[in-house]
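Participant: fold the following for me, if possible:
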Amino acid sequence: MNAGKTIAYIIAAILILFGVLFIWATFSPEGNTGWLVVGIISVAIGLGLIFLAGRKRPGLEKQDVNVKIDLSGDVNLDTLKCKSCGGTLTSENIKLVAGAPFVTCPYCNTTYQLTEEPKW
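Facilitator: The predicted model follows:
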């Protein structure tokens, strides 16, 4: 939950609390009918804030990112093997975490970051 939603929920709770107090005070011996209007409006605004803060916004769903790399020359595809146990790894074992490729071995459960060795 982000800060905007948290602030909206806090303001809504305060508005609903005071709205209920105004509605309740309307029926006291010193009550005023104007308080009823203020209470109903306050509760309605509070419920509206809860509705607006709680709805899902389009475009904020989980997104898949595909990175396509254009390599500058001939590329030979080598079999990727685990550094610990030597097990064969596939593309399903590689995940992008904070912009860095990490591999998790399905055989020994070792996790490490992939690094590219210089070719020279």
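
Participant: domain parsing for the protein?
Facilitator: The chain breaks down by automatic domain parsing into domains covering 3-54, 80-120.

Participant: ok, which of these comes nearest residue 68?
Facilitator: Counting by Cβ to Cβ, residue 68 lies closest to domain 80-120 out of those; the figure is 13.2 Å. The C-beta positions use only the backbone N, C-alpha and C, and glycine is treated the same way.

Participant: show me the helices in the protein, by range?
Facilitator: Taking DSSP state H as the criterion, the chain carries its helices at 3-26, 33-54.

Participant: need the winner for burial among the domains of the chain.
Facilitator: domain 3-54 (a mean of 14; mean count of other Cβ atoms under 10 Å).

Participant: for the helix or strand of the chain with the lowest mean pLDDT, which strands pair with it and how are they oriented?
Facilitator: Per-element confidence for the chain was summarised using mean pLDDT, DSSP states H and E. The lowest value among helices and strands belongs to strand 94-97, with a mean of 84. For strand 94-97, the pairing partners within the sheet under DSSP bridges are strand 100-104 (antiparallel).

Participant: what lies in contact with the strand it pairs with?
Facilitator: In this structure, residues lying in contact with strand 100-104 by Cβ atoms under 8 Å, 6 or more residues apart in numbering are 80, 82, 89, 93, 94, 95, 96, 110, 111, 112, 113, 114.

Participant: just to revisit the earlier point, redo the helices of the chain as TSV? Include distance to residue 104.
Facilitator: Formatted as TSV, the helices of the chain follow (distance: least, Cβ to Cβ, whole Å):
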stretch	distance to residue 104
helix 3-26	33
helix 33-54	36
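
Participant: how about the ones you listed in TSV, adding mean pLDDT?
Facilitator: Formatted as TSV, the entries for the helices of the chain read as follows, by pLDDT from 0 to 100:
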stretch	mean pLDDT
helix 3-26	94
helix 33-54	94
